[in-house]
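1. Model the following, please.
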Amino acid sequence: MPTVCFGCNTHLNRGEQHLCTVCRNHLPITDYTFNEENPIDRIFYGRIRVKKASSFLFFIENGIVQQLIHHLKYKNQEQIGTFLGDWYGQILRGNQFLDKIDVVIPVPLHKKKLKKRGYNQVALFASRLAHFINAEYNDEILIKTANTKTQTTKGRIGRWQENRALYTLSDASKLNNKNILLVDDVITSGATMEICVKALQEAQETTIYVTSMAVVPQFQ
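-> All right, here's what the predicted structure looks like:
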């Protein structure tokens, strides 16, 4: 277990995990809910049919959240997913919309990247959310078909056109008539979620909700 804070590198005191008390108190929680319209909903307007969108934290460059997710993805600190999932799961427990969720699905990694990293950084976060909202967790039905690098310099439309076949369902019939919560690490333009939602909609009569660990603030 790490003994220094992922946010500021100070020594952790007894009872502190992953973040010191100061960094934890400064964690930029969005306060977005699944009950009221928020800027993440508006990201997807006119693009895909999403029932409701939300996110736990604001992703700010060089901030605490960026440090947490960097350690989660690249420093083998997989337990950060559990830490954030338990925190957000307790916030979401009992939410009137999420009580209807049948299955929680993480945005998948390609099998080669999964083998290299050893884990999907979204998996533990998503599975803990499933636990708190009493839903099934399924990380096998949505599949990434190609191993692509993150393309941060391309526009949303260009990325979608290039990557639209990146995701598919192993068995669409298993999601027929299901309420689905799709989970990612960071929402920026929403392009990845858009492609994944289109794949999920290969199943019949789905209702899709989306959420993430963090979102890049939307100024609108």
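2. Give me the pLDDT value at T3.
-> What the model reports as pLDDT for T3 is 85.
3. and it, what is it in contact with?
-> With contacts defined as C-beta atoms under 8 Å, 6 or more residues apart in numbering, the neighbours of T3 are 11-12. Every C-beta, even on glycine, is put in place using the N, C-alpha and C of the backbone.
4. ok, now R49?
-> 197, 201, 208.
5. Keep only those of those residues that are in helices.
-> Among those, the ones falling in helices (DSSP state H) are V197.
6. So which of the contacts of R49 wins on neighbours?
-> I208 (24 neighbours; other C-beta atoms under 10 Å).
7. could you list every residue that touches that residue?
-> I208 sits in contact with 49-51, 179-182, 197, 200-201, where contact means C-beta under 8 Å, 6+ apart.
8. Could you do L175 as well?
-> With contacts defined as C-beta under 8 Å, 6+ apart, the neighbours of L175 are 103, 141, 169, 200, 203, 206.
9. Kindly report the same for A53.
-> Neighbours of A53 in contact, by C-beta under 8 Å, 6+ apart: 38, 40-41, 43-44, 209-211.
10. what's the distance between it and Q67?
-> Using C-beta to C-beta, to the nearest Å, we find A53 at a distance of 25 Å from Q67.
11. secondary structure element for the residue nearest to the spatial centre of the chain?
-> The structure's the chain has its C-alpha centroid closest to D184; by C-alpha atoms, centre = their mean the separation is 2.2 Å. In this structure, D184 is located in strand 179-187 according to DSSP states H and E.
12. what's that strand packed up against?
-> For strand 179-187, the packing partners by 3 or more C-beta pairs under 8 Å, 6 or more residues apart in numbering; DSSP states H and E come out as helix 64-74, strand 103-106, helix 123-132, helix 191-200, strand 207-215.
13. Could you export those as a markdown table, including distance to T33 and mean pLDDT?
-> Putting those into a markdown table (distance: least, C-beta to C-beta, whole Å; pLDDT from 0 to 100) gives the following:
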| stretch | distance to T33 | mean pLDDT |
| --- | --- | --- |
| helix 64-74 | 19 | 94 |
| strand 103-106 | 17 | 98 |
| helix 123-132 | 14 | 97 |
| helix 191-200 | 18 | 94 |
| strand 207-215 | 11 | 97 |
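14. Mind checking these for the one nearest to N147?
-> Closest approach to N147 among the helices and strands packed on strand 179-187 (C-beta to C-beta): helix 191-200, 14.4 Å.
15. and that closest one, how far from the chain's centre?
-> Relative to the mean C-alpha coordinate of its chain, helix 191-200 is positioned 13 Å out (C-alpha atoms, centre = their mean, to the nearest Å).
16. Okay, angle between it and strand 179-187 too, please.
-> 160 degrees (axes from the mean of the first three to the mean of the last three C-alpha atoms, to 10 degrees).
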